[in-house]
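Colleague: A structural model of the following input is requested.
(2 chains)
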Protein chains: 2
Amino acid sequence: MSATELKDLAPLLLKKERAGGDVNPVVLTNILRESAEKNARRKEMTQMIENHPVLSDRDMLYRNHTQRYNYGIKKAYHYVRLLKEKNITDPVDQQYLYRALGEPLGIDVHRSMFIPTLENQADEEQQKKWLLKAKQFKILGAYAQTELGHGSNVQGIETTAHFDKASQQFIINSPTLTSRKWWPGGLGKTANHAIVHARLFLDGKDFGVQAFLVQLRSLENHQPLPGIEVGDIGPKVGFQSVDNGYCAFHNVRIPRENMMMRYAKVLPDGTFVEPKSDKLVYLTMVQVRANLIHSFGLMMASAATITTRFSSARVQGRTPTGKGEFQVLDYQNQQNALFPFIAISYAANFAGRWIMQLHDEAIDIIKSGKGSFGSKLAELHATTSGLKAWLAVNVSDGIETCRRMCGGHGFTNSSNLGHIFAEIVGANTFEGTFDVLVQQHARYLLKVLVTMPFKGDTTGELPPPESNSTSFLAKAKQYANPSVRCSAQKPEDFADFKLLIEAFETRAARIVVRLAKQMQATNDDSNACMVLMTRASTAHAELLLLDAFVKGVASVPAGPTQVAVAKLCALFGSSLIVKSLGDFREDNYLSSAQGELVRQYTVSLLPVVRKNAVLLTDAWDFSDFELNSTIGRYDGDIYRALVKRAADEPLNKTQVAESYEKYLKPLIQSGL
Amino acid sequence: MSATELKDLAPLLLKKERAGGDVNPVVLTNILRESAEKNARRKEMTQMIENHPVLSDRDMLYRNHTQRYNYGIKKAYHYVRLLKEKNITDPVDQQYLYRALGEPLGIDVHRSMFIPTLENQADEEQQKKWLLKAKQFKILGAYAQTELGHGSNVQGIETTAHFDKASQQFIINSPTLTSRKWWPGGLGKTANHAIVHARLFLDGKDFGVQAFLVQLRSLENHQPLPGIEVGDIGPKVGFQSVDNGYCAFHNVRIPRENMMMRYAKVLPDGTFVEPKSDKLVYLTMVQVRANLIHSFGLMMASAATITTRFSSARVQGRTPTGKGEFQVLDYQNQQNALFPFIAISYAANFAGRWIMQLHDEAIDIIKSGKGSFGSKLAELHATTSGLKAWLAVNVSDGIETCRRMCGGHGFTNSSNLGHIFAEIVGANTFEGTFDVLVQQHARYLLKVLVTMPFKGDTTGELPPPESNSTSFLAKAKQYANPSVRCSAQKPEDFADFKLLIEAFETRAARIVVRLAKQMQATNDDSNACMVLMTRASTAHAELLLLDAFVKGVASVPAGPTQVAVAKLCALFGSSLIVKSLGDFREDNYLSSAQGELVRQYTVSLLPVVRKNAVLLTDAWDFSDFELNSTIGRYDGDIYRALVKRAADEPLNKTQVAESYEKYLKPLIQSGL
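Modeller: Numbers count the residues shown, from 1 in each chain, chains lettered A, B, ... in the order given. Alright, predicted model coming up:
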């Protein structure tokens, strides 16, 4: 092609990709976005943000942390005004709107943690006092749990709350350097109240960590109240628009009624009343993680969509015939790296759906008062832990890998890939760090293994398993038999979901059994078994994702669209086997030759998936406004978009930058 | 321990780690930093920056792109003034100083590419005209190769240079949207000249891509010259202080003498003179990559140092006895993830040393005029390609993993881990993207395989190999024999460097042989073999790194220090085997049982390496100023540092942020 043709080639190439596929993206959209109605509502809400003069702002990456925080508060103000003016009261609608802002704001934790804590942990009287005000943004709250010296280990919290019977007050203190609250979103500059986790002392006796509502700033002039030392912890890798903060308390007195009293209580005479059950608190945590799993799918999908479109529209490198250039999507390495990420986005979506089902089942049991509520919750807790740990790592790495796959244009902020990464990668830390979660998950698997009724059974005839997610452990003994072999004889045998699931079950079962032995050998020293625990959690998380994906395929109407999703699912499974081939070859479950077959099968799927890659990502139905990416535009007109966006850079407002007169001119004129 | 003790515990814990080790860090420093003298000089130069009122600035992450650019030019001015005042003329000294600035500036590419291009590609007359001026910063240059539509594929460049014989001028044009220069550092706002790569046309005939010197801006007032459209491409993931720019040319005329004429020439009558040899140009590229390999080692080392110190000073989670908390470094997962990154930093350092030796051998051959200069260069080119590709990915991922291992404090910019990542991760793209490099590397391995004199030989008796880096291919036939097995019988057998090297050689040889067959089967279709090519490059890069590390161990004086480095080297090898166990199990070179042995051995090394982990990272001898990390301080006083640094955040200059009056107050007072 001639140089002149090149300038308009990009959009044509993307059109060509769409024309070459046979997927009906609308069918998939209605599955991935739950229903046509929900998707329409989402788009309506997103459109409202796109049309808003302030809320449509996408210049955040031109700003420093201070500027982003202040502009973020401006957005928070307009967001609340919009809710008011359009009378948007449905929480789902509100969530659609808030997500469409494209960045979290200083009111983020007020929405996601402060209000829910009042709802779940405040008693009725307390809710009357604070909940409506909080919902109306008349008081703004932070959730102050983490301290400078303590993150995951909540029991290590050092902030103290001593009850003073005489005044009927708690006295809150930060007794050490490491006890200052550190990291809570909105704490630095926005919040005037906070839920503060502190160690309760009654007559000098420690009653463990409890939650208290503490007013931090004046409602008149926003100045910190006496005894409160509060500020922003400074810029971070992500959340630059949020004022993550610190706070130290110096003899701050709050009324007795400010302890969260729905469960634990302190009576006026200083008696401590034990909480009845905190299972529901537990359920809130599970809900947050379930939402995160859903979000991981969306974040992965947005990065994969941008990268697939860019790879289609971009040409690079002469073809062997010399007659044209390869599309980047033509390259086997690009396909091999990118397509498994499209698969992860689908797997996370389907897994999120399954988790919500499990969650609803738990709620049903609670409501009916019948059945094993505890075991359901334990399963939910363990599987959301394992899935959250796996997805946080793999989706963060996936987005960053996508960014690198877009070369220099991916490195530019206008690709939006750096921003998507920065806003999700923190999820590796918040809501449970990887190491804590995988241990919780692995411990659950061990527990299921030893409590399975087949313990000691040698017949191989086992009762039906307790639940889907660990049913494979009922067959652990058979799977662990080293003579068990995979039956694949040719590459395409790995297209068989039954064969794939069995492979993942075998691998997971063998690792869990090995872990059980190692735990026994080390006298239950979980730190000495941590690497193996991690492998157990990973193996089970991958099995859960594959299983959810397979069920997701079944939910797609039969036809070419279902076939395409099935191929993506097969790629998900086979590429994971290749990635951890050492696991699957353990005890020669896969032979060396079968290892080679699965590698061949994975590579053979790439051109098959490629045929529909653009349509499979189109199916997420992201608008250009949502993706906010010069190189991920639906129409493929990426080069014009890059040029246009570069013109917005503030440095380009003048031909000569302000540093010229003072520094560059003397440098050039006098030199070294 | 009580809460009050906690506040001063962190420094004590780090002291304890140092006291528990038996490594002499100074011995290692003098190896890692080449010599005691060089290290002393480096520290002297770094100290000069640390003492400078402007150049010691470390507030860059409080600034947006515009602010960072302008402040960066201020630094450039003071940097040049410092060179002048202290009369620092040695390029090595200058490099120490420049590195100590902690961020690249708008003059980066002027130093690293513009001046070297004049040195290598300008003829003597041209050098007389421009080189001194460039070295004195009286002209400031960019290196404008990449275009909006073309990165790696230099042959696709669209900018044109038509020779006009009548005026003895070239007319430079950007004929398409995609032909505008895009990305060059310093091009946007700083440079007044640029080396511009354009397609040369003589009487309408295309003579390929050549380099031209084009003046972009007035030396009087810095305004762009007529026909030049130039600006900044906007914010990026890294290099925010650099004005990466764009430029379009509209009939810009430059004298014939402005084409770089050392090799190719255009005579006044329009005759094109073919370049004699561009091998030396080639050598420049190799030098740049060799320096990058060295830098990867330093970047990985800085992140590993910060993370090791933080992990030692930080406690988290009760020990099983309940008497205290674990140091984060106690956790098996932390050790298992972190220590291989310490190993990578050492391996990269030793590999960088080996590459420089190879480079010097090539120079010797060139100078003597004897020997196979071409094959030496080909080897250098291929191995630096493979090592650069591997290290870019693994060091970027390693730094980011280190950041995550530091939890919330790693996420804070004051840890400096985010900054280190942002400044190195671009190396995945610049100086050759991964996919291009691994193919070049793999093609070289194939070439060596087929040209080895043993071709067809079945005796197993082979002549000595051509060079160290591919000597294993002389034994490819033996290695590829599927009956060859690893001899390890117990975990500690993997401590044997000979056994380890043999395992990596076998794996690499088998993949290269398999690749050769696949290339034959596909009629040399490298795209159809790209995944396997990547595996071949990875396998050989890991072999090279291990080999360099083993030789590095031998260079350490015998004693406990050498033992500790040897253990780190064994961990490097064994953890890589675990990571790619599927490869090593191919054709059962490792049996399933041996796979388990190597896993056991790797885990068994963790407490051994942990004993000296702090000292092994101390050995890099980074100053606190260089690391610029609150949580990576030498003295372990991380919490005080975090609190102190948070106070610097501009938002904390006032108790109430500027957005309060206008937005937050009305929101709180009127609410929803």
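Colleague: pLDDT-wise, which helix or strand of chain A ranks last?
Modeller: Scoring the helices and strands of chain A by mean pLDDT, DSSP states H and E places helix A:3-6 at the bottom, with a mean of 44.
Colleague: Low-confidence bits of chain A, can you list those?
Modeller: A:1-7, A:277-281, A:322, A:371-373, A:453-467 (pLDDT under 70).
Colleague: Name the residues of the helix or strand A:Ser396 falls within that come out as buried.
Modeller: In the assignment (DSSP states H and E), A:Ser396 maps to helix A:373-405. Residues A:373, A:376-377, A:379-405 are the ones in helix A:373-405 that count as buried (16 or more other C-beta atoms under 10 Å in any protein chain shown). All C-beta spots, glycine's among them, are computed from the backbone N, C-alpha and C.
Colleague: Please list which of the residues you listed also come close to chain B.
Modeller: A:Asp397, A:Glu400, A:Arg403, A:Arg404 (C-beta under 8 Å from any C-beta of the partner chain).
Colleague: right, and out of those, which lies closest to chain B?
Modeller: Checking these against chain B by C-beta to the nearest C-beta gives A:Arg404 as the nearest, at 4.9 Å.
Colleague: check contacts around the closest one.
Modeller: A:Gly410, B:Val425, B:Asn428, B:Thr429, B:Phe434 (C-beta atoms under 8 Å, 6 or more residues apart in numbering or on different chains).
Colleague: let's see it at 6 Å
Modeller: B:Asn428 (C-beta atoms under 6 Å, 6 or more residues apart in numbering or on different chains).
Colleague: What distance do you get for it to A:Gly374?
Modeller: To A:Gly374, A:Arg404 is 45 Å away according to C-beta to C-beta, to the nearest Å.
Colleague: by how many degrees do the helix holding A:Ser396 and helix B:373-405 diverge?
Modeller: 150 degrees (axes from the mean of the first three to the mean of the last three C-alpha atoms, to 10 degrees).
Colleague: Could you please name the strands the helix or strand harbouring A:Ile254 pairs with and the direction of each pair?
Modeller: Assessed by DSSP H and E, A:Ile254 sits inside strand A:252-255. Counting by DSSP bridges, the strands paired with strand A:252-255 are strand A:169-173 (antiparallel).
Colleague: residue furthest from the geometric center of chain A?
Modeller: The C-alpha centroid of chain A is most remote from A:Ser670, which lies 54.1 Å away (C-alpha atoms, centre = their mean).
Colleague: next one: phi and psi at that residue?
Modeller: The phi and psi values for A:Ser670, taken as degrees, to the nearest 10, are phi -100, psi -30.
Colleague: swap in A:Phe163?
Modeller: Per degrees, to the nearest 10, the backbone of A:Phe163 is at phi -80, psi 130.
Colleague: Now do the phi/psi pair for the closest residue to it other than its chain neighbours.
Modeller: Take A:Phe163 and drop its neighbours on the chain: the residue closest to it by C-beta to C-beta, 6 or more residues apart in numbering or on different chains is A:Leu202, 5.1 Å away. As for A:Leu202, its main-chain torsions (degrees, to the nearest 10) stand at phi -120, psi 120.
Colleague: what does the following helix or strand past the helix holding A:Ser396 contact?
Modeller: Sequence order places helix A:407-411 as the next helix or strand after helix A:373-405, per DSSP H and E. Residues outside helix A:407-411 that contact it (C-beta under 6 Å, 6+ apart): A:Arg403, A:Ser415, A:Leu417, A:Ile631, B:Gly151, B:Trp183, B:Lys236, B:Val237, B:Gly426, B:Thr429.
Colleague: what would these look like in CSV with secondary structure and distance to B:Leu606?
Modeller: CSV is the format used below for the contacts of helix A:407-411 (DSSP: H, G, I helix; E, B strand; the rest coil; distance: C-beta to C-beta, whole Å):
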residue, secondary structure, distance to B:Leu606
A:Arg403, helix, 32
A:Ser415, helix, 39
A:Leu417, helix, 35
A:Ile631, helix, 42
B:Gly151, coil, 41
B:Trp183, coil, 42
B:Lys236, strand, 38
B:Val237, coil, 33
B:Gly426, helix, 32
B:Thr429, coil, 34
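Colleague: That's all I had, so thanks and see you.
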